[in-house]
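[1] Quick one: sequence and predicted model below, then my questions.
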Amino acid sequence: KKFIDVLKNLAIAYKPISTEIFLKKSPRQNLEINKFSPIITNEAPLEFVKLQENIKVMKKVDYLIGDGDNKAINSIVELHKSNVPISNINKILSAGLLGLKTQRKLVPTRWSITAVDDTISKDLLKKIRFYKEINEILVFTSEYNGNHYEILLIPGNFSFEVIEAEIKFNGVKFWQDYEGFQGRKNYADGVVGAYYTNRLALTEYLERIQRQSTAIFFREINNYYAPLGVGILRETCRDAFSKTPEKFNNLEEAFSSIQSRLKLDVNIFREKSFLLKEYGKQKKLIEWF
């Protein structure tokens, strides 16, 4: 119980807190690497933990964790609008501190990250779907730690697709998920959590420029052997959207530029894209007048 209380205090703290940790026995020298969890080294059973200083909590966080009548979805959106960092919102939800008082419980970190990304991007889309379309083709790019992103925005109603390609010594493995203007009802079980982090970065940008567009994310994965969490993918895409985009008159020019930075043939991505196959097929009302 005391450990859970300390965990909750660390989750709501705005800044890092000095913490004293006591172990039952010496750490065991071991290295564990798998695709589902961060690198774990020198594990040891915990005996006792205590905070060495008072925690600092943002007023909005303090208010919402004390509101047992507000649903978690509403609290997540309100925290984001109050500029509480996504990483803090993830920890607060994971520690079971948001939502109706009778329904609060600890949530695995992977689930809380996806829940936060999904909730915020869906809320932003409520307004984005009513914005004007962008009027030119834009390309954004960013790379971090073996993850290379090429992000293509083209004029059209909001739709979103992620195509991932992992380059291995014995070939290339692909994952893919997409949604149309009305969104999707089932979980993105191809791209999984990265799908929702990508969509959050995209919707934050579209809200910032107050436009909507068709968006296709191409992710090329090289030498990415250790899981670092989908949070780095969100920040990589945010970094892409913080830069001035390349602008093109047509898709051929855009893909020529994208090809210059990819190891794989860009036509492989083009052939797999559902949104590119459908793009331009549906006429707009203005074309009938």
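    Thanks, I have it.
[2] contacts and neighbour counts: CA atoms only from here.
    Will do.
[3] Mind jotting down where the strands sit in the stretch 51-200 of the chain?
    With DSSP state E, counting those that start in this stretch as the definition, the stretch 51-200 of the chain shows strands at residue ranges 137-144, 147-154, 159-168, 171-179.
[4] Sheet-wise, list the partners of the first one with their directions.
    The one in question is strand 137-144. Sheet pairing of strand 137-144 (DSSP bridges) gives strand 147-154 (antiparallel), strand 246-248 (antiparallel).
[5] And the spatially most central residue of the chain, how close does it get to T244?
    By C-alpha atoms, centre = their mean, the chain has its centre lying nearest to T197, at 1.3 Å. Look at T197 and T244: by C-alpha to C-alpha, to the nearest Å, they are 21 Å apart.
[6] swap in E253?
    Distance of E253 to T244, given as C-alpha to C-alpha: 17 Å.
[7] the longest helix in this structure is where?
    Counting by DSSP state H, the longest helix found in the chain is helix 109-128.
[8] which outside residues touch that helix?
    When contacts are defined by C-alpha atoms under 8 Å, 6 or more residues apart in numbering, helix 109-128 is touched by residues 73, 76-77, 80, 86, 89-91, 93-94, 158, 193, 196-197, 199-200, 203-204, 206-207, 210-212, 231.
[9] switch to 6 Å and redo it
    Here helix 109-128 makes contact (C-alpha atoms under 6 Å, 6 or more residues apart in numbering) with 77, 90, 94, 193, 196-197, 200, 203, 212.
[10] before we move on, what about stretch 261-278?
    Stretch 261-278 is contacted from outside by Q259, using C-alpha under 6 Å, 6+ apart.
[11] at 8 Å what do you get?
    159-161, 163, 178, 216, 218, 220, 255, 258-259.
[12] Now do the contacts for S94.
    By C-alpha under 8 Å, 6+ apart, the neighbours of S94 are 106-109, 112.
[13] do you know how far it is from F248?
    42 Å.
[14] and if you look at V61?
    Distance of V61 to F248, computed by C-alpha to C-alpha: 43 Å.
[15] Between these two, tell me which one has more neighbours.
    More neighbours surround V61 than the other of V61 and F248, with 23 against 16 (other C-alpha atoms under 10 Å).
[16] Might one say that that one is in contact with I12?
    Yes: if you go by C-alpha atoms under 8 Å, V61 and I12 touch, sitting 7.1 Å apart.
[17] Show the average pLDDT along stretch 179-191.
    For stretch 179-191, mean pLDDT rounds to 94.
[18] got the CA positions of that stretch in CSV?
    Output of stretch 179-191 as CSV, limited to C-alpha atoms (Å, rounded to 0.1, in the frame of the first residue of the first chain):
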residue,chain,number,x,y,z
GLU,A,179,-9.0,5.1,-41.4
GLY,A,180,-11.3,7.2,-43.5
PHE,A,181,-13.1,10.4,-42.7
GLN,A,182,-15.4,8.8,-40.2
GLY,A,183,-12.6,7.2,-38.3
ARG,A,184,-12.2,3.5,-37.3
LYS,A,185,-14.1,1.4,-34.7
ASN,A,186,-11.6,-1.4,-34.2
TYR,A,187,-8.1,-1.4,-32.8
ALA,A,188,-5.2,-0.9,-35.2
ASP,A,189,-3.7,-4.3,-34.8
GLY,A,190,-1.1,-4.0,-37.5
VAL,A,191,0.8,-0.9,-36.5
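[19] List of residues touching it?
    Against stretch 179-191 from outside (C-alpha under 8 Å, 6+ apart): 129, 157-164, 175-178, 195.
[20] what does stretch 153-163 give?
    Here stretch 153-163 makes contact (C-alpha under 8 Å, 6+ apart) with 128-129, 133-139, 174-181, 183, 191, 195, 199, 212-219, 269, 272-275.
[21] For that stretch, output the C-alpha coordinates as CSV.
    This file holds the C-alpha atoms of stretch 153-163, laid out as CSV (Å, rounded to 0.1, in the frame of the first residue of the first chain):
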residue,chain,number,x,y,z
LEU,A,153,-0.1,15.4,-46.6
ILE,A,154,-2.3,15.9,-49.7
PRO,A,155,-5.5,18.0,-50.3
GLY,A,156,-8.6,16.2,-49.3
ASN,A,157,-11.0,15.3,-46.4
PHE,A,158,-9.3,13.9,-43.3
SER,A,159,-8.1,10.4,-43.7
PHE,A,160,-5.0,8.7,-42.2
GLU,A,161,-2.8,5.8,-43.0
VAL,A,162,0.4,4.4,-41.6
ILE,A,163,2.7,2.0,-43.5
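[22] Please consider this matter closed, and thank you.
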